[in-house]
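> what follows is a protein structure lacking sequence information:
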């Protein structure tokens, strides 16, 4: 058993030695690795291998995300508070845009609309991201018709700006404005153009919501075919979306059954 342990140490040291040669490390690392296989490998891993690997970047990214989530959980109004303070101190267009987005994220839609409207009259009036933010705020504030007008402007003036998400948002705005035929046209065109999970899912959810169960079931079947080829990560990533589709169709079926009684 001691020989097995020694062999593993040497193999690990050899692995790091190959890495040192391939990455052009100084020769003293080879001396350290083969003179002290266990300790040398540990030092090399921490000093050279980890900082240059994807592992560290993943750890940093996960840590950053976790820290952000923890900060939001402990102080959910922090961004809005800081955005207000920044705008009060320096009422620039950039700070007003930040405040408008923070208000929207915090659910203060009426205030968000007011801030976005001012942004739309300033130097960034034609900025696509501001128009989309204003459209979201208006739609959440019950102004779907105005939201659809802004989104149509974005599609006309900036056709390459987040074209898939803007198209889906436009379809939603038209649907909320009770313009079903136009909404369906946008959904159909968006699915045909992008053929993505999100486009099919959102169309299915909308179709189920208006009682078009046949279309919803067809889209769900198409998603099921795609799911066969998904890996574990993809399935986990899209699980909330698939659940929304299933929930919408189940609700539509329940409503249809109740109407028949």
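Yep, that arrived. Predicted model only: the values in this text are computed from it and were never measured. Numbers count the residues shown, from 1 in each chain.
> which positions within stretch 95-115 qualify as buried?
Of the residues in stretch 95-115, 95-104, 106, 108-109, 111-113, 115 count as buried by neighbour count, 16 or more other Cβ atoms under 10 Å. In this view, the C-beta of every residue, glycine as well, is placed from N, C-alpha and C.
> for stretch 8-24, that is, sorry about that
Buried residues in stretch 8-24, counted by 16+ other Cβ under 10 Å: 9-10, 12-13, 16-17, 19-20.
> make a markdown table out of those and add secondary structure, pLDDT and distance to residue 165.
A markdown table is the format used below for the buried residues of stretch 8-24 (DSSP: H, G, I helix; E, B strand; the rest coil; pLDDT from 0 to 100; distance: Cβ to Cβ, whole Å):
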| residue | secondary structure | pLDDT | distance to residue 165 |
| --- | --- | --- | --- |
| 9 | helix | 66 | 52 |
| 10 | helix | 75 | 54 |
| 12 | helix | 77 | 47 |
| 13 | helix | 76 | 50 |
| 16 | helix | 74 | 45 |
| 17 | helix | 76 | 49 |
| 19 | helix | 76 | 42 |
| 20 | helix | 71 | 46 |
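> as JSON lines, these with distance to residue 88 would be great.
Formatted as JSON lines, the buried residues of stretch 8-24 follow (distance: Cβ to Cβ, whole Å):
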{"residue": "9", "distance to residue 88": "61"}
{"residue": "10", "distance to residue 88": "64"}
{"residue": "12", "distance to residue 88": "57"}
{"residue": "13", "distance to residue 88": "60"}
{"residue": "16", "distance to residue 88": "55"}
{"residue": "17", "distance to residue 88": "59"}
{"residue": "19", "distance to residue 88": "53"}
{"residue": "20", "distance to residue 88": "55"}
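> for these, which one is nearest residue 186?
Closest approach to residue 186 among those (Cβ to Cβ): residue 19, at 52.4 Å.
> the nearest residue to residue 163 once chain neighbours are set aside: what secondary structure?
Spatial nearest neighbour of residue 163, chain neighbours left out: residue 155 (7.6 Å); criterion: Cβ to Cβ, 6 or more residues apart in numbering. Under DSSP: H, G, I helix; E, B strand; the rest coil, residue 155 falls in the helix class.
> ok, residue 155 touching residue 165?
No. If you go by Cβ atoms under 8 Å, residue 155 and residue 165 don't touch, sitting 11.5 Å apart.
> where do the contact lists of the two overlap?
Shared contacts of residue 155 and residue 165, defined by Cβ atoms under 8 Å, 6 or more residues apart in numbering, are absent.
> pLDDT on stretch 194-213, on average?
Per-residue pLDDT over stretch 194-213 has a mean of 92.
> show me what counts as buried in that stretch.
If you call a residue buried by 16+ other Cβ under 10 Å, then stretch 194-213 has these buried ones: 194, 197, 199-208, 212-213.
> tell me where the stretch 51-200 of the chain has helices.
Ranges of helices in the stretch 51-200 of the chain, per DSSP state H, counting those that start in this stretch, are 54-74, 78-89, 93-105, 109-119, 128-140, 144-157, 163-176, 180-194, 197-209.
> starting at the chain centroid, how far to the second one?
Read that as helix 78-89. Its chain's C-alpha centre and that of helix 78-89 lie 24 Å apart, by Cα atoms, centre = their mean, to the nearest Å.
> how about the third one?
The gap between the average C-alpha position of helix 93-105 and the chain average comes to 19 Å, counting by Cα atoms, centre = their mean.
> just the fifth one next, same as before
Its chain's C-alpha centre and that of helix 128-140 lie 17 Å apart, by Cα atoms, centre = their mean.
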